[in-house]
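*Asks:* I need the structure of the sequence given here:
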Amino acid sequence: MSTALPEPWTLQGVLDDTFAGIRQRLQSFQPQLRPREVGVVASVSTGIARVHGLPHVGFEELLTFAGGLSGIAFNLDEGGVDVVLLGDHTHLHAGQEVQRTGRVMDVAVGDALLGRVIDPLGRALDGLGGVATSARLPIERPAAAIMDRAPVTEPLQTGLKVIDALIPIGRGQRELILGDRQTGKTAIAIDTIFNQRGKDVLCVYCAIGQRASAVAKAVANLREKGALEYTVVVVAEGNDAPGLAYIAPYAATSIAEHFMASGRDVLIVYDDLTHHARAYRELSLLLRRPPGREAFPGDIFYIHSRMLERATHLNEAHGGGSMTALPIIETEAQNISAYIPTNLISITDGQIVLSPSLFALGVLPAVDVGQSVSRVGGKAQRAAYRTVAGDLKLAYAQFEEFETFARFGARLDEDTQRFITHGQRVRACLSQSELSPVSVPAQVAILLALNAALFDAVPLEGMAAAQQAVEGAADALPDDLRLRLADADRLSDTDRERITEAARQALERFQGQAESSPVLSGAEPGTHVR
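*Replies:* Presented below is the predicted three-dimensional model:
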């Protein structure tokens, strides 16, 4: 039996067909010439490169250098272009080639970023491989128009009693956190992210110029508590190029905006904008831009305002999503009148001021209630809070004044002693350990017990256990009552009595004789505070 192949399948036939196809492609090929601008690096300094030979480059256009290094065109002069470098430039030297990309700096966005730790360029830092996303957004985008925005009507619960009750934050608000070094600013932000678990709020944590150990600790806490699964962490470490620190918050904002545009609620934390301002000052001075107050460039206000203006609550026609911003600022010796703090205070919708003296006393979170304010969140605060916390802020501020005066060593009358005793219980109830958020029903129960003076007979050393008992009683409330605390327009008298009675029963075993004199020893007899 013959095994010969038919003529078309012989080796010669296959080769003839292949060469015929190649000849046909060559005859139909039309070469296309594409012009490409190529420049030359003239000089390199810390984080900055001077480039010649790119006459048509645009402002903030992305340029590529040897070794995959990227840069952003900042100064466009007749003699050349000053480029902010986005990475290690030690391998860069004069004479190397630089190319235009024709696009501005952008960042990868999408659900694939949730649970990941990335740098401002979208590169993974967590060792879990590359980030696979199909969408990208420019890091610089116009803020939503006023007519596209809606009022702030929904609260953003932080899980911290002192903030939720006295300085409420709404979804779509910009609330500044400021204080000296090591006063618990980052702890408040991490606690707020942790409290969004199960509340359908996505989070973006942007670390700018932080130590690698501090960032690793924050990421470890988020992972341990199960909060990393709905959080994106954008990191520009302290030893990174100043250009990366500059673009980090803008990249994080674009990531958050993508979620907001899809109708979701987002919380973004900038930790912190002091390092961002310093990085921009460093770049501006290297670029020979004229310095202004505190050596910062004149447009430092604009770079922060155009970024924070992107945080808003969109109306239903645009998806109804929201982006709540918590920028963090570091002050020096509690000087909130410095250049950067005053800029951010005027841009944001309120501020949470942390006091180093309260931190030293162990009052955590160390929130200075007298100087802190929320200009928007009160409209979004739950009705149950407005009912029970209306006069608490004023009473607490008055207590702090009385306490300061009583330290001079005065013998107080009974009314003043009761007032200070009650104020000390208020302070103890507003104190809270890190990574231990309190639910809304538990917070309302504690505040109602405070208003009813149920804690006044509890010794200060037993306040922590007493609060836990009230929280347990609140968790045991009927489900319908717990739902009304979150949804009802007002707290009815019946509901108030039921919650107060539950708190009273929980505190019965803690009742004891509180300290009769909470003031200083050595007071002169016959001296009273009027």
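
*Asks:* element containing the residue nearest in space to the middle of the chain, please.
*Replies:* What sits nearest the mean C-alpha location of the chain, by CA atoms, centre = their mean, is residue 269, with 0.8 Å. Per DSSP states H and E, residue 269 falls inside strand 265-271.

*Asks:* what's the answer for residue 214, then?
*Replies:* helix 212-224.

*Asks:* what does residue 92 give?
*Replies:* Applying DSSP H and E, one finds residue 92 in no helix or strand.

*Asks:* quick one: average confidence on stretch 115-135?
*Replies:* Averaged across stretch 115-135, pLDDT comes to 92.

*Asks:* Assign a three-state SS to the closest residue to residue 485 other than its chain neighbours, would you?
*Replies:* Counting by CB to CB, 6 or more residues apart in numbering, the nearest residue to residue 485 once its immediate chain neighbours are dropped is residue 384, at 4.8 Å. For glycine as for every other residue, the C-beta is placed from the backbone atoms N, C-alpha and C. For residue 384, the assignment made with DSSP: H, G, I helix; E, B strand; the rest coil gives helix.

*Asks:* shouldn't residue 384 be in contact with residue 444?
*Replies:* Yes: using CB atoms under 8 Å, residue 384 is in contact with residue 444, at 4.8 Å.

*Asks:* Quick check: neighbours shared by those two?
*Replies:* 485, 491 (CB atoms under 8 Å, 6 or more residues apart in numbering).

*Asks:* of these two, who's got more company?
*Replies:* Neighbours of residue 384 and residue 444, each counted by other CB atoms under 10 Å, are more numerous for residue 444; the result is 30 against 25.

*Asks:* mind listing what the more buried one touches?
*Replies:* 384, 385, 388, 474, 485, 491, 499.

*Asks:* for residue 477, same thing?
*Replies:* Applying CB under 8 Å, 6+ apart, the residues contacting residue 477 are 441, 445, 498, 499, 502.

*Asks:* Drop anything exposed from those residues.
*Replies:* Neighbour counting by 16 or more other CB atoms under 10 Å classes 441, 445, 499, 502 among these as buried.

*Asks:* Can you add distance to residue 468, secondary structure and pLDDT and give these back as a markdown table?
*Replies:* Formatted as a markdown table, the buried ones among the contacts of residue 477 follow (distance: CB to CB, whole Å; DSSP: H, G, I helix; E, B strand; the rest coil; pLDDT from 0 to 100):
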| residue | distance to residue 468 | secondary structure | pLDDT |
| --- | --- | --- | --- |
| 441 | 14 | helix | 92 |
| 445 | 12 | helix | 93 |
| 499 | 16 | helix | 93 |
| 502 | 14 | helix | 93 |
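
*Asks:* List just the nearest of these to residue 254.
*Replies:* residue 441 (37.0 Å; CB to CB).

*Asks:* pretty sure that closest one is touching residue 482, no?
*Replies:* Yes: in this structure, residue 441 is within contact of residue 482 by CB under 8 Å, at 4.9 Å.

*Asks:* lowest confidence element among the helices and strands of this protein?
*Replies:* Ranked by mean pLDDT, DSSP states H and E, the helix or strand of the chain with the weakest confidence is helix 392-406, at a mean of 80.

*Asks:* same for the helix or strand that that helix is followed by, what does it pack against?
*Replies:* Next along the chain after helix 392-406, taking DSSP H and E as the criterion, comes helix 414-430. Helices and strands touching helix 414-430, as assessed by 3 or more CB pairs under 8 Å, 6 or more residues apart in numbering; DSSP states H and E, comprise helix 161-166, helix 392-406, helix 440-451, helix 463-475.

*Asks:* list the buried ones in helix 414-430?
*Replies:* Buried, per 16+ other CB under 10 Å, within helix 414-430: 416-417, 419-430.

*Asks:* between those, which is nearest residue 470?
*Replies:* Among the buried residues of helix 414-430, and counting by CB to CB, the member closest to residue 470 is residue 429, at 9.0 Å.

*Asks:* Quickly note the distance from the closest one to residue 160.
*Replies:* From residue 429 across to residue 160, the span is 12 Å (CB to CB, to the nearest Å).

*Asks:* Then residue 420?
*Replies:* Shown here: residue 420 relative to residue 160, a distance of 24 Å by CB to CB.

*Asks:* cool, and residue 317?
*Replies:* Taking CB to CB, one finds residue 317 at 34 Å from residue 160.

*Asks:* where does residue 513 land on pLDDT?
*Replies:* 45.

*Asks:* Check residue 239 too.
*Replies:* So residue 239 comes in at 91 (pLDDT).

*Asks:* For it, give me phi and psi.
*Replies:* Note on residue 239: backbone dihedrals following degrees, to the nearest 10 are phi -90, psi 10.

*Asks:* do the same with residue 201
*Replies:* phi -120, psi 120.

*Asks:* Quick check: closest non-adjacent residue to it.
*Replies:* residue 265 (4.7 Å).

*Asks:* Over to residue 130?
*Replies:* residue 124 (5.9 Å).

*Asks:* Before I go, just wanted to say thanks for your time.
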